[in-house]
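Trainee: following is a predicted model, sequence given first.
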Amino acid sequence: MTDKTELDEKIVEVGRYLDPAEAHMAQGLLESAGLETMLQGEDANATMPMAFTTQLQVKQEDEAAALELLETSELAEGEEVPGEDYVGE
């Protein structure tokens, strides 16, 4: 049986990256500090680069620590991601 507390944990996004490699570097930074992370969308991004982003996610309770670590690195917000109304050049 699955522990209910595991299912109830809130997950938040702390970074959004156009380049999956940059997302993996940010993930490594957070994991080396002992934070559990997840990447979402990296497969879609690999299939159609620049059409999708890779989101770096952590538990809500780790959000402040993750953001602080990312801000002190060069991986703070990832690359600037165009808004939803962006249609390309």
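Mentor: Now that the structure is in, tell me what you want to look at.

Trainee: pull out the buried positions in the longest helix seen in the chain.
Mentor: Secondary structure of the chain read by DSSP state H shows that its longest helix is helix 20-32. Residues of helix 20-32 classed as buried by neighbour count (16 or more other Cβ atoms under 10 Å): 20, 22-23, 26-27, 29-30. C-beta here means a position set from N, CA and C on the backbone, and glycine is covered the same way.

Trainee: and the most centrally placed residue in the chain, what does it touch?
Mentor: Residue closest to the mean C-alpha point of the chain, counted by Cα atoms, centre = their mean, is Leu56 at 0.9 Å. Leu56 is in contact with 13-17, 23, 26-27, 30, 37-39, 78, counting by Cβ atoms under 8 Å, 6 or more residues apart in numbering.

Trainee: let me have those residues in a markdown table, extended by distance to Thr72 and pLDDT.
Mentor: Formatted as a markdown table, those follow (distance: Cβ to Cβ, whole Å; pLDDT from 0 to 100):
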| residue | distance to Thr72 | pLDDT |
| --- | --- | --- |
| Glu13 | 19 | 95 |
| Val14 | 13 | 95 |
| Gly15 | 13 | 93 |
| Arg16 | 18 | 92 |
| Tyr17 | 17 | 89 |
| Ala23 | 18 | 92 |
| Ala26 | 12 | 95 |
| Gln27 | 16 | 96 |
| Leu30 | 12 | 97 |
| Thr37 | 17 | 97 |
| Met38 | 21 | 95 |
| Leu39 | 21 | 94 |
| Gly78 | 15 | 52 |
